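# The following block contains a protein sequence and its predicted model.
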Amino acid sequence: MKTLYDQNEVSRLTGISQSQIRYWDRLGLVPHNDEEKGKLLFGFRDLVAFRTIKKMYDSGLSTRHVRKCLGRLKEIMPEVAGQLPELGITICGKKIIIGKDDLKFTPDGQIFMDFAVDTPPSAPSSIPFDSEELFFQALECEEKGDLQEAQEKYETVLALKPDHQDALVKLGNIRHRFGLCEEAERFYRKALWIDPDHAEANYNLANILEEQGDLENAILFYRKAVHEDTEIADAFFNLGRALERVGRWKDALRQWETYLELDPASEWADYVKSRLY
């Protein structure tokens, strides 16, 4: 399962610019987990935290106001401040109301009591799910290893928004893991029809084509993947392997040299070194 997302992926998945991601990281709003080749790496919980903070900004709150509220929350309820991804955030004018379990409160400690009389449960709403919210629920299912539930949610996302590129790619990944390679290929190709520059879709389609023995086309899509994202180490490794298989030794060596620069401690490093030296 994917455990870390680099700043490019965070930007694509949340709609937050990379400069804003770095800024919020420096402010300590969402600190990164790790760093690799100059790129900040974040976990799934951080993705959710980014989206939560983005909602605050989208509602018109200033950076100063958001920092003040989160800082105050950390002071008075440190055990809750670290659970930002699990908190329900509601914006009422300039006031932030936080929900945790059955409790609602503001960052300054004001508690909201619900004195409403119990009423029968209402009928299910006919209002459609928000596709982005559902997409993140699907990501969470994947993180937990529940691929079947994730698959169903991605399918619902596509029913709501057929051109959701990342849902197409994620669903293709699951189909591939289930051994449904032809279906996976269709999802990747549809994602690339919408966005030809999607690095992950190019890389994953290249994988499928290489498995099918279509090496020339696999090489084309591997090249496109590393062109769009110069730090996909596995794409450089696979590109080198495919080039070696078609007899393009010098080109293969160049790809493997780049691979070693990106991931010198990988489990395949010794194999690559044996080919280079």
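Arrived safely. Computed from a predicted model, the values in this text were never measured in an experiment.

# Now do the strands in this protein.
With strands called from DSSP state E, the chain shows them at 5-6, 34-36, 39-42, 88-92, 95-100, 103-105, 111-112.

# what's the average pLDDT for the longest one?
The reference is to strand 95-100. Mean pLDDT, strand 95-100: 54.

# Excluding chain neighbours, give the residue nearest to Leu220 in space.
Leaving aside its sequence neighbours, Leu220 sits nearest to Ala206 (C-beta to C-beta, 6 or more residues apart in numbering; 7.8 Å). Placement of C-beta: from N, CA and C, glycine included.

# Report whether the expected contact of that neighbour with Ala235 is present.
Yes - applying C-beta atoms under 8 Å, one finds Ala206 in contact with Ala235, separated by 7.5 Å.

# For those two, list the residues in contact with both.
222, 225 (C-beta atoms under 8 Å, 6 or more residues apart in numbering).

# Between these two, which is the more surrounded one?
It is Ala235, of Ala206 and Ala235, that has more neighbours when counted by other C-beta atoms under 10 Å, with 30 against 27.

# what residues are up against the more buried one?
199, 203, 206, 222, 225-226, 229.

# where does it land on pLDDT?
94.

# and it, how far is that from Tyr203?
5 Å (C-beta to C-beta, to the nearest Å).

# Residues in contact with both of those two, list them for me.
With C-beta under 8 Å, 6+ apart, Ala235 and Tyr203 have common neighbours 222, 225.

# Would you point out the helix or strand in this structure whose mean pLDDT is lowest?
strand 111-112 (a mean of 46; mean pLDDT, DSSP states H and E).

# So what's the residue count around Gly247?
Neighbours of Gly247 (other C-beta under 10 Å): 8.

# Next one: it relative to Asp6, how far apart?
Distance from Gly247 to Asp6, by C-beta to C-beta: 34 Å.

# swap in Leu220?
24 Å.

# more crowded one of the two?
Asp6 (21 against 16).

# show me the contacts for that one.
Asp6 neighbours (C-beta under 8 Å, 6+ apart): 36, 39-42, 231.
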